[in-house]
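J.: using only what follows, build the 3D model:
(4 chains)
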Number of protein chains: 2
Amino acid sequence: MADPKPLRADARRNRARVLDSAEAVFAAAGPAASMEEVARHAGVGVGTIYRHFPTKEALFEAIVVSRYERLAEEADSLASAADAGAAFFGLFTRMVEEAATKKAFADTLVRAGVDVKAATSASGRKLVHAFGGLLARAQGAGAVRDDADITEVMAILAGMTLAAEHASWDRDLRTRALGIVFDGLRSTRPR
Amino acid sequence: MADPKPLRADARRNRARVLDSAEAVFAAAGPAASMEEVARHAGVGVGTIYRHFPTKEALFEAIVVSRYERLAEEADSLASAADAGAAFFGLFTRMVEEAATKKAFADTLVRAGVDVKAATSASGRKLVHAFGGLLARAQGAGAVRDDADITEVMAILAGMTLAAEHASWDRDLRTRALGIVFDGLRSTRPR
DNA sequence: GACGATACGGAATATCGATTCCGCTTGTCA
DNA sequence: TGACAAGCGGAATCGATATTCCGTATCGTC
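T.: Okay, here's the model as predicted:
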């Protein structure tokens, strides 16, 4: 399963350009943005996009995967941070912030915690796993209650992420809302 | 601004049928469900739908408004409940549960807390106001932290609602996730 | 610099769903 | 019961997009 053919120089360049533009366009206009819009932004014809990605969904998926990959790496690099609690809450916040900016991200994130869709799921699972590591360490350090498992955390993360994406909260509201939620994650079951 | 004309008997019947079907269809298939689907479900032609609602959005809005109205009433009726905390958390849970079943509900709920869209907003504001009353009473009873205002609560509610709608969590996960969030709302800002 | 093989651009096609239109049906009222 | 307005059904229209196709332009190699 090696590389079938080395891409021609300009083809490689265009492929990258398309990927970048797609990320930018979808981030700004959501997943409903049209292929033409992406093509225009990339300065190529729609045909070119289709030469590289068989379908709109494939293109979209490619972007999501790379974003997951990036976040998973980030999680891994935080795996040995001094303050485990800060690392966990920090990345949690970061993902929500990112969703507030880059639309069409949360939607797929929800599923990462639940669905089973192959392609996206592979890297999705990787992300969940990496984030799960951060959670475990934070719990070990006593920064997060022990009776919270990664599934619940992903559920809550998904929720806050979706909300941040859909509504246009200002950073302040985002911070306060997250503050309350974080207290819940710290809580030693008060009641 | 009285009623322009009393509707003919069958027209009234059809209008109601359309409204019911629309609620059912959108609840099951999300807001992307087609008008034909609604028409088929109601046993009428698409033309009939348009006789009663000028546009798909208008139809959709009608449903949302009635749902808001219902919830607002429910909130009001709980305004004098013995256990203010239970009333607040109960309705919160109920809304999330409802979203899990009826799609295309959360989406609009997010906006109720933020947007300013007239029609929907009128009743949306009513709901927020009523729910705010419940929050205030719960705080008065010491069941919810005092430094949480309705805006933040709506933000969190919107998030959990959206998540419940998109992902297909089982009731158990929903309950556990909400449990954590609720602890955050009770929390007396731990650290 | 010439020849394939690769890629490209973008017009043409295929689909799908909202909305409009109009001849036909049914309720209402005298 | 007959006339007429109010309603109805659903085919036709319009618009928006994804996706396909093919003549043309470019790259890599000799």
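J.: need the nearest residue in space to A:Ala130, chain neighbours excluded.
T.: A:Ala75 (3.6 Å; Cβ to Cβ, 6 or more residues apart in numbering or on different chains). (Each C-beta comes from the backbone N, C-alpha and C, glycine too.)
J.: just checking the helix or strand hosting that neighbour against DNA strand D, any contact.
T.: Here A:Ala75 sits within helix A:56-77, counting by DSSP states H and E. Yes - interface with DNA strand D: helix A:56-77 contributes A:Lys56, A:Glu57 (Cβ under 7 Å from any atom of the strand).
J.: so is that helix next to DNA strand C?
T.: No - with Cβ under 7 Å from any atom of the strand as the criterion, DNA strand C is not reached by helix A:56-77; the gap is at least 12.9 Å.
J.: and that helix, what does it pack against?
T.: Applying 3 or more Cβ pairs under 8 Å, 6 or more residues apart in numbering or on different chains; DSSP states H and E, we find helix A:56-77 packed against helix A:9-29, helix A:84-101, helix A:118-140.
J.: the same query, at a cut-off of 10 Å, please.
T.: For helix A:56-77, the packing partners by 3 or more Cβ pairs under 10 Å, 6 or more residues apart in numbering or on different chains; DSSP states H and E come out as helix A:9-29, helix A:35-42, helix A:46-52, helix A:84-101, helix A:106-112, helix A:118-140.
J.: domain boundaries for chain A, per the record?
T.: The record assigns chain A these domain ranges, following automatic domain parsing: A:1-53, A:62-186.
J.: now mean pLDDT and mean neighbour count too, for these, in a markdown table please.
T.: Converted to a markdown table, the domains of chain A look like this (pLDDT from 0 to 100; neighbours: other Cβ atoms under 10 Å in any protein chain shown):
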| stretch | mean pLDDT | mean neighbour count |
| --- | --- | --- |
| domain A:1-53 | 93 | 15 |
| domain A:62-186 | 88 | 20 |
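J.: didn't A:Ala22 look like it was pressed against A:Lys56?
T.: Yes - A:Ala22 is within contact range of A:Lys56, at 9.4 Å (criterion: Cβ atoms under 10 Å).
J.: now for the two: what residues contact both?
T.: A:Ala33, A:Met35, A:Val38, A:Ile49 (Cβ atoms under 10 Å, 6 or more residues apart in numbering or on different chains).
J.: just the closest of those to B:Gly132, please.
T.: Closest approach between the shared contacts of A:Ala22 and A:Lys56 and B:Gly132, by Cβ to Cβ: A:Ala33, at 36.5 Å.
J.: the closest one against A:Ile63, yeah?
T.: No - at 11.6 Å, A:Ala33 does not count as touching A:Ile63 under the criterion of Cβ under 10 Å.
J.: what touches both of these two?
T.: The contact sets of A:Ala33 and A:Ile63 overlap at A:Ala22, A:Ala24, A:Val25, A:Phe26, A:Ala27, A:Ala104 (Cβ under 10 Å, 6+ apart).
J.: so which of the residues you listed comes closest to A:Phe131?
T.: Closest approach between these and A:Phe131, by Cβ to Cβ: A:Ala104, at 20.2 Å.
J.: give me every residue in chain A that's in contact range of DNA strand C.
T.: So chain A meets DNA strand C at A:5, A:7-8, A:10-11, A:14-15, A:43-48, A:50-52 (Cβ under 7 Å from any atom of the strand).
J.: and chain A, which residues reach DNA strand D?
T.: Taking Cβ under 7 Å from any atom of the strand as the contact definition, chain A meets DNA strand D at A:8-10, A:32, A:34-36, A:46-47, A:50, A:54-57.
J.: which one of these is nearest DNA strand C?
T.: DNA strand C lies nearest to A:Gly47 out of the residues of chain A next to DNA strand D, by Cβ to the nearest atom of the strand, at 1.9 Å.
J.: distance of that closest one relative to A:Thr55?
T.: Using Cβ to Cβ, to the nearest Å, A:Gly47 is found at 14 Å from A:Thr55.
J.: closest point of chain A to chain B, which residue?
T.: Relative to chain B, the nearest point of chain A is A:Gly184 (2.6 Å; Cβ to the nearest Cβ).
J.: contacts only, for that residue.
T.: A:Gly184 sits next to A:145, A:148, A:156, A:190, B:156, B:177-187, B:190 when contact means Cβ under 10 Å, 6+ apart.
J.: repeat that with 8 Å
T.: Residues near A:Gly184 by Cβ atoms under 8 Å, 6 or more residues apart in numbering or on different chains: B:Ile180, B:Val181, B:Phe182, B:Asp183, B:Gly184, B:Leu185, B:Ser187.
J.: among these, which ones are in helices?
T.: Cross-referencing the contacts of A:Gly184 against helices under DSSP state H gives B:Ile180, B:Val181, B:Phe182, B:Asp183, B:Gly184, B:Leu185.
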